[in-house]
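>>> Sequence plus predicted model, see below.
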Amino acid sequence: MTELRTERLRLRPVATSDVAALVEHQTNPEVMRYVPGGARARAAVEALVAGSDAQWKASGHGLFALSHQETGELVGYCGLIVVAEAVELDMILAEEHWTQGIGTEAAAAVIEFARAKGIAKLVALPHDANVAAHRVCEKNGMSPNGSAKLQGVTCVRYELALS
């Protein structure tokens, strides 16, 4: 099993045992305010976890569950999803863990994982109004390069060459 550790976090592939905690995060309208489609029902979270599991099996990467090393609490996920033409850095954190640098820390670990896997380039597609997500991208060396529409939502396209 692939596991990463940072100063505060343990990252491991998301699993069906994470669904209940992820549902709790992803049914919060504030957490999902900038996510195309908004709050997710349990079935959508189950599909996300199943899709990540399939991606791990097919390509050796996917979404990581983020657990606080001290408490073991699941604080969200961060990882890699395959989009049409690229590999995207994707993340959702529980609201009570915002503004603590956890997103930046998790993204840095996942970027290094992607580099070690030989992925040539990452993209991130945060909502154009999601200032916190823009900061996470920029703190991790990603640069804005245009925009994209996801489910009718305008997103900034960030890119990072890894090789």
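Perfect, I can see it now.
>>> how about the helices in the chain?
19-26, 42-59, 102-116, 131-139 (DSSP state H).
>>> contacts for the longest one?
By Cβ atoms under 8 Å, 6 or more residues apart in numbering, the residues outside helix 42-59 that reach it are 2, 13-16, 18-19, 22-23, 26, 40, 61-63, 79-82. For every residue, glycine as well, the C-beta is placed using N, CA and C.
>>> what sits opposite residue 13 in the beta ladder?
Using DSSP bridges, the beta-bridge partners of residue 13 come out as residue 64.
>>> want to try JSON lines for the helices of the chain, with mean pLDDT and mean neighbour count as columns?
Listed next are those as JSON lines, based on pLDDT from 0 to 100; neighbours: other Cβ atoms under 10 Å:
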{"stretch": "helix 19-26", "mean pLDDT": "92", "mean neighbour count": "18"}
{"stretch": "helix 42-59", "mean pLDDT": "95", "mean neighbour count": "15"}
{"stretch": "helix 102-116", "mean pLDDT": "97", "mean neighbour count": "20"}
{"stretch": "helix 131-139", "mean pLDDT": "95", "mean neighbour count": "17"}
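>>> Specify the stretch among those that is closest to residue 123.
Between residue 123 and the helices of the chain, the shortest gap by Cβ to Cβ is with helix 131-139, which sits at 9.7 Å.
>>> about what we covered before: buried ones from the contacts of helix 42-59, can you make that a ChimeraX selection?
Here is the ChimeraX command that selects only those of the contacts of helix 42-59 that count as buried (16 or more other Cβ atoms under 10 Å):
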select :13,14,18,19,22,23,26,40,61,62,63,79,80,81
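>>> what's the closest non-adjacent residue to the residue most central in space within the chain?
Central residue of the chain (Cα atoms, centre = their mean): residue 91, 2.1 Å from the mean position. Sequence neighbours aside, residue 78 is the residue nearest to residue 91 in space, at 4.1 Å (criterion: Cβ to Cβ, 6 or more residues apart in numbering).
>>> What's opposite that neighbour in the beta bridge?
Under DSSP bridges, the residues paired with residue 78 across the bridge are residue 64, residue 91.
>>> will you turn the helices of the chain into JSON lines that also has distance to residue 122?
Below are the helices of the chain laid out as JSON lines (distance: least, Cβ to Cβ, whole Å):
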{"stretch": "helix 19-26", "distance to residue 122": "22"}
{"stretch": "helix 42-59", "distance to residue 122": "14"}
{"stretch": "helix 102-116", "distance to residue 122": "6"}
{"stretch": "helix 131-139", "distance to residue 122": "10"}
